[in-house]
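Peer 1: Got a predicted model here, sequence first, then my questions.
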Amino acid sequence: MVMLKFSPFKSDQSTMKRLNSRYFLTIVAMGFLSSLSLSYAQDTEAINREILDGVKEVTTANEELKKIGKVEERCPGCAEAAPKETLVLDAEEMSLAHPPYYLKDKEPYIIYLKRTAKTPASVDIKFKNGHRYCGKSYVGPNPWLPNGPLIIDCLVYLTRYEDQEISLNMKNLRKLAEGEEEVIEVRLTKKDPNASAYSMAVKNLSDVSTKEELDKKFFGGGYNVSFK
């Protein structure tokens, strides 16, 4: 007969060792995870702080660039609308480069006149006023309604150009120093782009206190303009 001996005390010791080992490993793992989480949180906070600092630096740089790149207007209201034509007043008699054209009803054709120290006291600006007229008319029965009323219509439209002139009297304006300039805005407006009638408005953009007076010419077409 073989007798088997069991040692409950040794078995309990082995079990305790295994339990203690597992418990120790669990504590070590939890500590590692905690330190890793803390490190990750600290790194995330540092990254967020760097991002915010970067955004502030970029914003500040953009503001500085805006200040550096900003071009101050040389006269109040000059940037309100782009001119169709710019003319430097350097002679007593001048002409616009081409006849003013009108795209829409009551949409002005804008001209900027630049006055410098060399500008004469009086300047005449000549231009052509183009408008549509009927070159060939039709008077006859309606081809679709032979027994209906007569038709009167235009078959061919042409463009006619009339000589116009703007006479500027600037003797009352202040004298300009060398390199200094003023901008005078002229707005030509038509209620109907195809008609000959037009109106004009003049404004010294560089001196808002200046008063402009406009009168139609007695002979020929155009306006007399004086400043006070």
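Peer 2: Thanks, I have the structure now. The structure displayed is predicted, hence computed values, not measured ones. Residues are numbered from 1 along each chain as shown.
Peer 1: Quick one: list the elements packing against the lengthiest strand in the chain.
Peer 2: Counting by DSSP state E, the longest strand found in the chain is strand 145-169. The helices and strands touching strand 145-169, judged by 3 or more CB pairs under 8 Å, 6 or more residues apart in numbering; DSSP states H and E, are strand 122-142, strand 221-227. All C-beta spots, glycine's among them, are computed from the backbone N, C-alpha and C.
Peer 1: In terms of secondary structure, what does the longest one contact?
Peer 2: Just to be clear, that refers to strand 122-142. Using 3+ CB pairs under 8 Å, 6+ apart, strand 122-142 sits against strand 93-95, strand 145-169.
Peer 1: so what does the helix or strand following the last one touch, helix or strand wise?
Peer 2: Using DSSP states H and E, the helix or strand that follows strand 145-169 towards the C-terminus is strand 181-189. Strand 181-189 makes packing contacts with strand 109-116, strand 199-204 when contacts are defined by 3+ CB pairs under 8 Å, 6+ apart.
Peer 1: Of these, which stretch is the most buried?
Peer 2: Mean neighbour count (mean count of other CB atoms under 10 Å) peaks for strand 109-116 among those, with a mean of 20.
Peer 1: With mean neighbour count and mean pLDDT added, can I get the helices and strands packed on strand 122-142 in a markdown table?
Peer 2: Shown next, in a markdown table, are these (neighbours: other CB atoms under 10 Å; pLDDT from 0 to 100):
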| stretch | mean neighbour count | mean pLDDT |
| --- | --- | --- |
| strand 93-95 | 14 | 96 |
| strand 145-169 | 12 | 90 |
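Peer 1: Need the ones you listed in JSON lines (columns: distance to Phe219).
Peer 2: Shown next, in JSON lines, are those (distance: least, CB to CB, whole Å):
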{"stretch": "strand 93-95", "distance to Phe219": "17"}
{"stretch": "strand 145-169", "distance to Phe219": "10"}
